[in-house]
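Trainee: next one to model:
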Amino acid sequence: MINITLPDGSSKSMKSGQSFRDFIAENLNFLKSKALGVIINNNQTVDLSFVPVEDCKIQILTFADKQGKEIFHHSSAHLLGQAVQRLWKDAKLTVGPVIETGPGFFYYDIDFPSATITPDDLPIIEKEMEKIVKEGLDVNRWELSRAEAIEKFKKEGEVYKVELISGFTDDHVSLYGQGEWYDLCRGPHVPNTSLLKAFKLTAISGAYWKANKDNKMLTRIYGVSFPSKKELDEYIYQIEEAKKRDHRKLGKELDLFSFQEEAPGFPFWHPKGTVLWNSLAEYIRSECFKRGYHEIKTPAILNSSLWKRSGHWDNFKENMYFTQIDEDDFAVKPMNCPGCSLVYKHHMHSYKELPIRYMELGTVHRHELSGVLHGLFRVRAFTQDDAHIFCSFESLLAEVSDIIDFTFDVYRKFGFTEFQTFIATRPEKSQGADEDWEMATNSLKQALDSKNLSYGIKEGEGAFYGPKIEFNIKDSLGRLWQCGTIQIDFSMPNRFELEYAGNDGKKHQPVMIHRAIYGSLERFIGILIEHFEGKFPLWISPIQIRVLTVAESHNEYAKKITNLLMDKGLRVEADYRNEKIGTKIRESILKRSNFNLIIGDKEVNGELVSVRKRGEENTESMSFDAFFAMLSAEL
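Mentor: From the prediction side, this is the model:
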């Protein structure tokens, strides 16, 4: 008998040779139809068909768990791959991963040698996927030696699989099959295709093999999936709502920004968008000043020697832009931290000055492939609300703790009240000593634990110079957006030989904390546009008030009201055209101003304003002073 410990600490026995599926059916029948996989001893995720050979602690995964969703969506990608190869016999599969952002939960990159796939083909693929679900095919796993797997896929003409396996170092590889179809995969997967009841293919695009533009262009098919049609319908409704709020669409309608052929991936801010941008910049600047930050500005172009010294040349070069000045190599900055390090290094500091907090609204440039550009969410130039804090190790925890509070204060200002937090650990491509990474990661964990904040771990997703806390905010549609970060960096102070004089008279190396709260102003504005559906709070709204006249005879009084409001620093537009008031109101609603002031005979004669608040159909007459008092209270 094997002893199985459950998450609540209770124990149950199972017979040797039984699978976890057998164990669940006998002991936890209420999970029989929901179980998707099992985590063993907190470190190994396996299929339900797995047969344990020794006592262990387990967590049974369902769709409610992140790892359970990943199993479900990965299995859905296999469902897609099988359907495609049934319909197009010569189609070659490459990779089909689960993703967290994009137009789906999973995708498959596929080479179609003899066909051009369009969105019109997606319903055809979906019908074939439905057939496979109804067939209720068992999903099986088996292993082959690397050589056997290469030979097997060679016979099938699966050249991409052969290339992948050839790059593996393990002696054996695993395959998963369902019915006549199989694929190279680590797994785990759902036990039967009948569980994949509800899905939809959501998008189609091009993608280079291995993201290399020198390789062949493949067809990428995205999809979403859920255990029930109800959940899928709710998701589709949410997506339709998101389409209405698409920041690219609203940005054009509200005349906030544009993208031009002459500068792909580089946003052009129009007057109203610039108002929005400046409102965010002024707010974060004022909040930084309250907390003892000093603002700096560093050059956009810096000598290549700086980027080699910082480590960007070795770890970030493919994302950078380069130029030559006086026959010397320079780079356009992709990050602000090396320039900030030079500001700190300009003169010697004392422990009495620490912590030193520098903030910079620094515009950075990063090369992104054209296929991944996406409005304000993925651009080639953006401004970070960047800050770098130089402190002693003894004050590190207090500084990180204060930044966490600062971050949540800012998000709540914009109406975000639900958050998810993660710690991203050392990536494969990184620099610095192991003990520094461990110390930095533990410091981040300690700061979050001290505030009783729960957090997940994103293994290998930290910056190349240090681990980070990632803050995700939930918008009005329930979507999560990763925005702010806090990163602890021992590497750059060492590379730049940054020092301060301690109270012992000796020189010490400060700890460098990188932090951003918006992340980037561009992306944060895109999030706000969709979160508010372009209906911004009064304090950041590009058009706070629109003054509408019923007839030309009311223009003089309307201009007086407009000037009074503008004198008080409010953002006002006036519509004095000789048009029907109904037309003016309808057009004004589309502009999403916070208040419409309607000026007619009654208002002129009584020196009043008729106020219609955004989203309301009724108007209320009041004096100008009463209206301004209402505005002041809301602001």
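Trainee: low-confidence stretches in the stretch 451-600 of the chain?
Mentor: Low-confidence segments of the stretch 451-600 of the chain, defined by pLDDT under 70, are absent.
Trainee: all strands for it, in order.
Mentor: 456-458, 468-474, 480-489, 500-501, 507-508, 511-516, 545-549, 572-575, 595-599 (DSSP state E, counting those that start in this stretch).
Trainee: could you dump the ones you listed to JSON lines with distance to residue 221 and mean neighbour count?
Mentor: C-beta here means a position set from N, CA and C on the backbone, and glycine is covered the same way. Formatted as JSON lines, the strands of the stretch 451-600 of the chain follow (distance: least, C-beta to C-beta, whole Å; neighbours: other C-beta atoms under 10 Å):
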{"stretch": "strand 456-458", "distance to residue 221": "26", "mean neighbour count": "14"}
{"stretch": "strand 468-474", "distance to residue 221": "27", "mean neighbour count": "22"}
{"stretch": "strand 480-489", "distance to residue 221": "24", "mean neighbour count": "22"}
{"stretch": "strand 500-501", "distance to residue 221": "55", "mean neighbour count": "18"}
{"stretch": "strand 507-508", "distance to residue 221": "55", "mean neighbour count": "14"}
{"stretch": "strand 511-516", "distance to residue 221": "34", "mean neighbour count": "24"}
{"stretch": "strand 545-549", "distance to residue 221": "45", "mean neighbour count": "25"}
{"stretch": "strand 572-575", "distance to residue 221": "45", "mean neighbour count": "18"}
{"stretch": "strand 595-599", "distance to residue 221": "46", "mean neighbour count": "25"}
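Trainee: out of the ones you listed, flag the one nearest residue 38.
Mentor: strand 456-458 (19.1 Å; C-beta to C-beta).
Trainee: tell me the bridge partners for residue 599.
Mentor: Beta bridges link residue 599 to residue 549 when assigned by DSSP bridges.
Trainee: residue 312 versus that one, what's the distance?
Mentor: 58 Å (C-beta to C-beta, to the nearest Å).
Trainee: repeat that for residue 431.
Mentor: 10 Å.
Trainee: try residue 334
Mentor: Distance, residue 334 to residue 312, using C-beta to C-beta: 7 Å.
Trainee: neighbour count winner among those two?
Mentor: Neighbour count, other C-beta atoms under 10 Å: between residue 334 and residue 312, residue 312 has more, with 23 against 17.
Trainee: quick one: residues contacting the more buried one.
Mentor: 320, 331, 334, 335, 338 (C-beta atoms under 8 Å, 6 or more residues apart in numbering).
Trainee: output these in CSV, with secondary structure and distance to residue 125 appended to each entry.
Mentor: Below are the contacts of residue 312 laid out as CSV (DSSP: H, G, I helix; E, B strand; the rest coil; distance: C-beta to C-beta, whole Å):
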residue, secondary structure, distance to residue 125
320, coil, 39
331, strand, 44
334, coil, 39
335, coil, 42
338, helix, 48
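Trainee: ranking these by neighbours, who comes first?
Mentor: Tallying neighbours with other C-beta under 10 Å puts residue 331 at the head of these, with 23 neighbours.
Trainee: you'd agree that residue is up against residue 324?
Mentor: No - taking contacts as C-beta atoms under 8 Å, residue 331 lies outside contact range of residue 324: 10.5 Å.
Trainee: which one's the longest helix in the protein?
Mentor: Longest helix in the chain by number of residues (criterion: DSSP state H): helix 66-87.
Trainee: neighbouring contacts of the helix or strand that comes right after that one?
Mentor: Next helix or strand after helix 66-87 toward the C-terminus (DSSP states H and E): strand 92-93. By C-beta under 8 Å, 6+ apart, the residues outside strand 92-93 that reach it are 81, 84-85, 108-111, 113, 157-161, 183.
Trainee: strand 92-93 - what's its average pLDDT?
Mentor: Here strand 92-93 scores 95 as its mean pLDDT.
Trainee: relative orientation of the following helix or strand past it and helix 66-87 in degrees?
Mentor: Heading C-terminal from strand 92-93, the first helix or strand you meet, by DSSP H and E, is strand 106-111. If you take axes from the mean of the first three to the mean of the last three C-alpha atoms, to 10 degrees, strand 106-111 sits at 30 degrees to helix 66-87.
Trainee: list the buried residues for whichever strand or helix holds residue 234?
Mentor: Under the criterion of DSSP H and E, residue 234 resides in helix 229-245. Burial within helix 229-245, assessed by neighbour count using 16 or more other C-beta atoms under 10 Å, is assigned to 232, 235, 245.
Trainee: who touches the last one in this structure?
Mentor: By C-beta under 8 Å, 6+ apart, the residues touching residue 245 are 477, 529, 530, 531, 533, 534.
Trainee: verify the contact between the fourth one and residue 478 for me.
Mentor: No - at 10.9 Å, residue 531 and residue 478 do not qualify as touching, with contact defined as C-beta under 8 Å.
Trainee: out of the two, which sits in the more crowded spot?
Mentor: A direct count of neighbours by other C-beta under 10 Å for residue 531 and residue 478 places residue 531 higher, at 23 against 10.
Trainee: excluding its backbone neighbours, what's nearest that one?
Mentor: In this structure, residue 531 finds its nearest non-sequential neighbour in residue 475, 4.2 Å apart by C-beta to C-beta, 6 or more residues apart in numbering.
Trainee: ditto for residue 292
Mentor: Closest to residue 292 by C-beta to C-beta, 6+ apart is residue 357, at 5.7 Å.
Trainee: tell me which residues touch that neighbour, please.
Mentor: With contacts defined as C-beta under 8 Å, 6+ apart, residue 357 is in contact with 288, 291, 292, 293, 294, 387, 388, 389.
Trainee: check those for burial and list the buried ones.
Mentor: If we count by 16+ other C-beta under 10 Å, these have these buried: 288, 293, 387, 388, 389.
Trainee: dump those residues into CSV; add secondary structure and pLDDT as well.
Mentor: Shown next, in CSV, are those (DSSP: H, G, I helix; E, B strand; the rest coil; pLDDT from 0 to 100):
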residue, secondary structure, pLDDT
288, helix, 97
293, coil, 97
387, strand, 96
388, strand, 97
389, strand, 97
